[in-house]
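Participant: Got a sequence here, can you model it:
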Amino acid sequence: MRLQGKVAIVTGSSRGVGKAVALSLAREGCDVVVAAKTSDPHARLPGTIHETAREIVLLGRRALPLQCNVREFADIERLRDETLKAFGRIDILINNAGAIHWAPVANWSAGKFDLVMGVNVRGAFLCSRAVLPAMREQKHGRIVMMSPPVNVSQVAGKGPYFVSKMGMTLLALAIAAEERDLGITANALWPVTMIDSEATRHFELGKPEEWRTPAILADATVEICCSDLTGRALYDEEVLRERRGTVDFSAYSTVAGTTPPPVCRTMIEG
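Facilitator: Residues are numbered from 1 along each chain as shown. This is a model prediction of the structure:
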């Protein structure tokens, strides 16, 4: 219960990585604001903000489900205001909500470009900007961007997507430097492997034996939030080695007995 009494906002937490992160933070003692678009059951997608909230309550923590589209300025302002009204503080922000689209530059529509930029970098900017005053006042805050190190070796077919994701990382680095003296940290976190999610399944990004479960990102996120790390762009394995001494990651494989390839790290490092 290293985060007892803390309050976390997790965007995109109705399913997948966001839900796993929200539950892991709750297990460490956090009260959690479950922020996502899906309030009512979806015909093709599992999970809602209310389902995640109920699971958090079963863990003995308080939960506040709030429908929120991070592309909408008013939604983000309401997210901050309702969090402060309910809990009186904001200690952690996990910018997990994301949009993915891979295609050659010539095949991107303006609308798809605006969507990816709006959800990823603009959404992360607006959410971070919204919570910083409260974090400054209490002289404590943890911001985590789900984004990679600022480098890329395999950009073909993914250019605008990586522009949006690298933008999130640059925001984390800027916040870390600007807020260091106020007790606020900011970091970026990225998986080494593909993570089992609705996106990997929908876009057919490999096969189950090539994926890890969202738990690896959830565990790494908790470790970042329980530390004073700041200004870093980290891989999930790197965090767990540093903070937990983990050397065997086989427990995170989606298919037991398999060793998922480091696809996500290879895209960045080559």
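Participant: Identify all contacting residues around stretch 250-264.
Facilitator: The contact list for stretch 250-264, computed with C-beta atoms under 8 Å, 6 or more residues apart in numbering, reads 148, 190-194, 196, 206, 208-213, 215-216. To be clear about C-beta, it is placed using only N, CA and C from the backbone, and glycine gets the same treatment.
Participant: mind running it again at 7 Å?
Facilitator: Applying C-beta atoms under 7 Å, 6 or more residues apart in numbering, the external contacts of stretch 250-264 come out as 190-194, 196, 206, 208-213, 215-216.
Participant: for stretch 157-165, same thing?
Facilitator: Here stretch 157-165 makes contact (C-beta under 7 Å, 6+ apart) with 100-105, 108, 113, 116-117, 120-121, 147-148, 152, 155.
Participant: what do you get for stretch 123-137?
Facilitator: Contacts of stretch 123-137 (C-beta under 7 Å, 6+ apart): 9, 11, 70-71, 73, 76-77, 80, 84, 89-90, 93, 95, 97, 141, 143, 145, 168, 171, 175, 179, 182, 184.
Participant: how does it look with 6 Å?
Facilitator: Stretch 123-137 is contacted by residues 70, 76, 80, 90, 93, 95, 97, 141, 143, 145, 168, 171, 182, 184 when judged by C-beta atoms under 6 Å, 6 or more residues apart in numbering.
Participant: Give me the subset of those residues lying in strands.
Facilitator: 93, 95, 141, 143, 145, 184 (DSSP state E).
Participant: Just the pLDDT for residue 203.
Facilitator: pLDDT for residue 203: 84.
Participant: how far away is it from residue 189?
Facilitator: Using C-beta to C-beta, to the nearest Å, residue 203 is found at 21 Å from residue 189.
Participant: what about the residue of the chain positioned farthest from its centre, which SS state?
Facilitator: For the chain, the largest distance from the centre (C-alpha atoms, centre = their mean) belongs to residue 106, which lies 28.9 Å off. Following DSSP: H, G, I helix; E, B strand; the rest coil, residue 106 is assigned to helix.
Participant: Show me which residues of the top helix by length along the chain are buried.
Facilitator: If you go by DSSP state H, the chain has its longest helix at helix 159-179. Neighbour counts using 16 or more other C-beta atoms under 10 Å place 160-173, 175-176, 179 of helix 159-179 among the buried residues.
Participant: what's the distance between that helix and the middle of its chain?
Facilitator: 13 Å (C-alpha atoms, centre = their mean, to the nearest Å).
Participant: Please enumerate the helices of the protein.
Facilitator: Counting by DSSP H, the helices of the chain are 16-27, 49-58, 73-87, 110-117, 123-138, 159-179, 198-202, 215-225, 236-244, 263-269.
Participant: And the average pLDDT for the fifth one is what?
Facilitator: Model confidence over helix 123-138, given as mean pLDDT, is 98.
Participant: do the same with the last one
Facilitator: Predicted confidence along helix 263-269 averages 95 (mean pLDDT).
Participant: Please apply the same query to stretch 171-190.
Facilitator: Averaged across stretch 171-190, pLDDT comes to 98.
Participant: Name the residues that touch it?
Facilitator: 124-125, 135-136, 139-148, 169, 220, 224, 229-235.
Participant: Can you measure across it, start residue to end residue?
Facilitator: 15 Å (C-alpha to C-alpha, to the nearest Å).
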